[in-house]
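K.L.:
pasting the structure only:
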């Protein structure tokens, strides 16, 4: 943590997170050609977005900035790892942290940790599924592909929408703001898989208040004043390994959790490493 981290993060405590995000929500869906074309082209230029991977490579063809931001890729742009027992990376981005869950504690940044139970919405039974388990946190920048995919085939057990703040999730704020991922608004999806329970936690951020899943559609906005839970017991959605499960309308962070002795993360992966959807993030644990 540094003075720069403080200068980046402290003003966010007084910002009206949700009103600002509602304004951005409308701007990113504006179909005014002059506005949306300029917005799209500036993002491509500033962040170096590779449009050759996009199913529609012409930036001017998108009806809105959000359509560009959540653009589909060409079918061969993200090959899925065929390694035996591989767990697929769910998103393009950079690893923020990856490792073991110590009892109920996940590492947020050097010297900072947070509770898995709080991250998952505060239900002790839900947190118990991942006690002493494994986690990986992946940050998506504005240049990345913003659709999220399944690391393994899974049957949806429940979805939880947890209202909260919308701090930025960039590296500086992650180092500075305590319990960042457990205080921001988020959508938790818990699946049953061949290695046990798996949670995918889609964390919102400033200007990123819109999160959707393929089985529900847009979960937020609008936000809510209390936690909302959907339990899937009959006709539960089943999503295949590599299938799209949701998306961020603007960039953010996804946290992946598995239970105890379920997986082994790739030995060559660590903080700051770039990853792409479909590569092997880890492997089924073997004795």
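P.N.:
Received the coordinates, thanks. For clarity, every value in this text was computed on a predicted model and none was experimentally measured.

K.L.:
what about the helices in this protein?
P.N.:
3-9, 17-28, 33-47, 65-69, 116-119, 124-128, 171-176, 180-183 (DSSP state H).

K.L.:
and these as JSON lines, adding mean pLDDT and mean neighbour count?
P.N.:
C-betas here are computed from N, CA, C, even on glycine. Formatted as JSON lines, those follow (pLDDT from 0 to 100; neighbours: other Cβ atoms under 10 Å):
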{"stretch": "helix 3-9", "mean pLDDT": "69", "mean neighbour count": "14"}
{"stretch": "helix 17-28", "mean pLDDT": "69", "mean neighbour count": "16"}
{"stretch": "helix 33-47", "mean pLDDT": "92", "mean neighbour count": "14"}
{"stretch": "helix 65-69", "mean pLDDT": "90", "mean neighbour count": "21"}
{"stretch": "helix 116-119", "mean pLDDT": "96", "mean neighbour count": "23"}
{"stretch": "helix 124-128", "mean pLDDT": "96", "mean neighbour count": "15"}
{"stretch": "helix 171-176", "mean pLDDT": "80", "mean neighbour count": "19"}
{"stretch": "helix 180-183", "mean pLDDT": "88", "mean neighbour count": "22"}
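
K.L.:
Which among those helices is found nearest to residue 215?
P.N.:
Nearest to residue 215 among the helices of the chain is helix 124-128 (18.8 Å), distances taken as Cβ to Cβ.

K.L.:
can you tell me the distance between the two ends of stretch 247-262?
P.N.:
26 Å (Cα to Cα, to the nearest Å).

K.L.:
Run the chain-centre distance for it.
P.N.:
Chain-centre distance of stretch 247-262: 5 Å, with Cα atoms, centre = their mean, to the nearest Å.

K.L.:
ok, and for it, which residues are buried?
P.N.:
By 16 or more other Cβ atoms under 10 Å, the buried positions in stretch 247-262 come out as 247-259, 262.

K.L.:
what's the lowest-pLDDT member of those residues?
P.N.:
Among the buried residues of stretch 247-262, residue 251 has the lowest pLDDT, at 63.

K.L.:
for residue 157, what are its contacts?
P.N.:
Contacts for residue 157 (Cβ atoms under 8 Å, 6 or more residues apart in numbering) come out as 190-192, 197, 231-232, 236.

K.L.:
try it again with 7 Å
P.N.:
Shown in contact with residue 157 (Cβ atoms under 7 Å, 6 or more residues apart in numbering): 190-192, 232.

K.L.:
Repeat that for residue 111.
P.N.:
By Cβ under 7 Å, 6+ apart, residue 111 has no neighbours at all.

K.L.:
about what we covered before: distance to residue 93 added to the buried residues of stretch 247-262, as TSV?
P.N.:
Shown next, in TSV, are the buried residues of stretch 247-262 (distance: Cβ to Cβ, whole Å):
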residue	distance to residue 93
247	13
248	10
249	16
250	13
251	8
252	9
253	8
254	8
255	12
256	12
257	17
258	18
259	23
262	22
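
K.L.:
picking that back up, what about the contacts of residue 157, which are in strands?
P.N.:
Judged by DSSP state E, the contacts of residue 157 include 190-192 as members of strands.

K.L.:
Show me just the buried residues among those residues.
P.N.:
For the ones in strands among the contacts of residue 157, buried by 16+ other Cβ under 10 Å: 190-191.

K.L.:
Low-confidence ranges, this structure, go.
P.N.:
For the chain, applying pLDDT under 70 flags the ranges 1, 5-6, 8-9, 11-12, 14-21, 23, 25, 207-209, 250-251, 287.

K.L.:
Can you give the domain ranges for it?
P.N.:
Residue ranges for the domains of the chain, per automatic domain parsing: 3-69, 86-284.

K.L.:
where's the shortest one relative to the chain centroid, distance-wise?
P.N.:
Spelled out, that is domain 3-69. Computed by Cα atoms, centre = their mean, the chain-centroid distance of domain 3-69 equals 17 Å.

K.L.:
which one of the helices of the chain lies closest to residue 282?
P.N.:
Closest among the helices of the chain, using Cβ to Cβ: helix 116-119, at 17.4 Å.
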